[in-house]
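1. here's my sequence, what's the structure:
(one chain, ligands or ions: 1)
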Amino acid sequence: MKDFCEGFLWGGATAANQCEGAWNVDGKGASVSDMCTNGSYKVPKRITKTIEENTLYPSHEAIDFYHHYKEDIKLFSDMGFKTFRMSINWTRIFPTGMEDEPNQAGLKFYDNVFDECLKYGIEPLVTISHYEMPIALTEKYNGWESREVIDCYMNYCTAIFERYKNKVKYWLTFNEINVGVMNLGSILSLGTFKDYNGVIFSVPDNKHARFQGLHHQFIASAKAVKLAHDNYPQFKMGNMSIFMTSYPFTCNPDNVLLNQERNRINNWFCSDVQVRGEYPSYMDRYFEENDINIIKESGDEQILKDGCVDFYTCSYYSSSCSGIEESEETKGNIMGGLRNPYLEESDWGWIIDPKGLRFALNEVYDRYRIPMMVVENGLGAYDTVEEDNSINDDYRIDYLKKHIVQMKEAVKDGVELIGYTPWGCIDLVSASTGEMAKRYGFIYVNKFDDGTGDLSRMPKKSFYWYKNVIKTNGQEL
Ligand code: BGP
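-> Below you'll find the model as predicted:
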């Protein structure tokens with residue numbers, strides 16, 4: 001029977017804006033994330049037009065990976081990481097996104113980070129854009145709504161591909177690109193929120209701008225893939241989508257159809273374009289019924305065809321149900337739905353569903369038949385530091401163990417899974433709430449929601465557990 005392949009890429013994942021800090025250091029410009037305040041499960045975070053005094057902006061210091069990367073990568077290596085998923089902060093390389101020449105200090109920083117990884121035999125897995133587009137592009141162009149932003153992104157890709165061609169092989173064009181099918185995507189990834197400031201979840205919806213923005217992201221992604229394929233044959237280019245398994249709430253055919261429709265729009269639309277190189281036919285009706293008219297140029301079809309990704313990646317945290325009934329709802333990571341009565345949830349109300357991951361992996365592999373990675377998964381939880389300084393995060397071990405068991409089942413089912421990078425391998429700022437208290441890491445960071453903390457790092461119990469998982473290639477869980 002099949003098992004995790006030799007050379008399986010065990011590792012962990014982060015994003016620049018959630019860990020680096022040093023938000024305005026060495027020539028870095030402000031990104032969308034740098035304009036977001038902290039929040040909590042109860043108090044939502046806000047985006048502000050200017051930096052407000054006496055307000056905490058968690059990305060500004062985060063866990064200061066910028067100055068701790070050597071120590072952190074050493075700890076990853078102690079765990080036996082084969083890969084480290086991280087993002088390049090666009091605004092470190094092009095502070096406004098519109099310069100002709102890249103910022104040398106920014107380029108140098110990532111040289112140092114990659115060299116440090118390679119020193120330990122850790123393969124960098126790089127997200128090109130992870131919720132950190134230059135704020136200047138949102139102001140000038142309303143973000144991805146304008147086609148001009150494709151050129152800015154390509155300028156950025158050209159600079160980083162050429163600079164890191166001997167250091168980075170695996171690239172992801174956009175983090176969770178399908179967040180753009182939801183309103184929240186206007187802030188996080190599309191930058192189509194011109195002149196809005198306030199609670200991020202309350203941004204007024206502009207469907208046209210979102211889907212136009214997504215179209216531009218598809219074109220940018222395809223062009224980046226083609227640039228890589230034409231010039232850097234050693235590169236492997238991937239997509240990255242949120243996969244939120246969705247079940248019909250009951251076997252009522254209306255629920256089954258509703259579930260199919262939601263799956264298509266939320267889970268499949270973006271990856272269908274990026275993997276198959278064309279818009280799926282089912283979207284025509286959706287666009288028509290929602291009065292969405294995407295402006296395309298004549299060469300776009302060909303660009304999409306020429307820019308299909310080499311491997312599929314997704315984040316997976318939770319699942320939900322679709323139904324026409326009135327019933328309790330659940331949020332989950334970004335997408336929600338009806339609450340599944342068979343499953344438990346995390347302290348942040350995200351349903352925990354390891355079998356939903358096996359289901360997802362099978363569905364995706366059946367559809368695309370290309371190598372896959374799960375590049376985000378994990379449990380955001382409150383951790384307690386005991387008197388002897390130990391952190392006994394058995395709940396996190398339990399969550400990850402159950403998901404790895406199901407990944408193994410999927411491999412036995414025939415899925416070509418080549419990597420797994422649990423989210424927030426070191427504690428970092430939460431994307432949805434801006435908190436530190438929602439911790440995912442194998443490594444604890446002494447940093448708190450009020451901005452205090454000495455930033456010291458400490459392995460949790462899960463650190464030693466995961467080290468053994470990697471050592472035994474998933475045999476001992
Ligand atoms: C994903 C994002 C990550 C990350 C993760 C966990 O949607 O790609 O950036 O933060 O979710 O979410 P949160 O931080 O809100 O718990």
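2. strands of the stretch 51-200 of the chain, residue ranges please.
-> 83-87, 123-127, 170-172, 198-199 (DSSP state E, counting those that start in this stretch).
3. what parts of the stretch 251-400 of the chain come near the ligand?
-> 315, 333, 334, 376, 380 (C-beta under 6 Å from any ligand atom). Every residue, glycine included, has its C-beta placed from N, CA and C.
4. where's the closest residue to the second one other than its chain neighbours relative to residue 339, distance?
-> Spelled out, it's residue 333. Of all residues not flanking residue 333 in the chain, residue 317 sits nearest, at 4.2 Å (C-beta to C-beta, 6 or more residues apart in numbering). Remark: distance between residue 317 and residue 339 (C-beta to C-beta, to the nearest Å) = 15 Å.
5. which one of the two is surrounded by more residues?
-> residue 317 (26 against 19; other C-beta atoms under 10 Å).
6. pretty sure the more buried one sits against residue 354.
-> No: with contacts counted by C-beta atoms under 8 Å, residue 317 stays clear of residue 354, the gap being 11.0 Å.
7. please name the residues that touch the nearest residue to residue 445 once chain neighbours are set aside.
-> Nearest residue to residue 445, sequence neighbours excluded (C-beta to C-beta, 6+ apart): residue 427, at 4.2 Å. By C-beta atoms under 8 Å, 6 or more residues apart in numbering, the contact list for residue 427 reads 63, 383, 436, 439, 440, 441, 443, 444, 445, 447.
8. try residue 371
-> 310, 311, 312, 416, 417, 418.
9. then residue 439?
-> 380, 381, 382, 383, 424, 427.
10. helices along the stretch 151-300 of the chain, start to end?
-> 185, 207-231, 253-262, 269-276, 282-289, 300-305 (DSSP state H, counting those that start in this stretch).
11. redo those helices as JSON lines? Include mean pLDDT and mean neighbour count.
-> Listed next are the helices of the stretch 151-300 of the chain as JSON lines, based on pLDDT from 0 to 100; neighbours: other C-beta atoms under 10 Å:
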{"stretch": "helix 185", "mean pLDDT": "96", "mean neighbour count": "24"}
{"stretch": "helix 207-231", "mean pLDDT": "98", "mean neighbour count": "22"}
{"stretch": "helix 253-262", "mean pLDDT": "98", "mean neighbour count": "16"}
{"stretch": "helix 269-276", "mean pLDDT": "98", "mean neighbour count": "22"}
{"stretch": "helix 282-289", "mean pLDDT": "97", "mean neighbour count": "12"}
{"stretch": "helix 300-305", "mean pLDDT": "98", "mean neighbour count": "16"}
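12. nearest to residue 400, of those?
-> Nearest to residue 400 among these is helix 269-276; the distance by C-beta to C-beta comes to 24.3 Å.
13. name the helices or strands packed onto the closest one?
-> helix 207-231, strand 312-315, helix 354-368 (3 or more C-beta pairs under 8 Å, 6 or more residues apart in numbering; DSSP states H and E).
14. now render these as CSV, adding distance to residue 396.
-> Converted to CSV, the helices and strands packed on helix 269-276 look like this (distance: least, C-beta to C-beta, whole Å):
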stretch, distance to residue 396
helix 207-231, 33
strand 312-315, 17
helix 354-368, 13
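15. what about the nearest residue to residue 276 once chain neighbours are set aside, which helix or strand?
-> Leaving aside its sequence neighbours, residue 276 sits nearest to residue 308 (C-beta to C-beta, 6+ apart; 6.9 Å). Counting by DSSP states H and E, residue 308 is held by no secondary-structure element, helix or strand.
16. what is the mean pLDDT for stretch 427-444?
-> Computed over stretch 427-444, the mean pLDDT rounds to 97.
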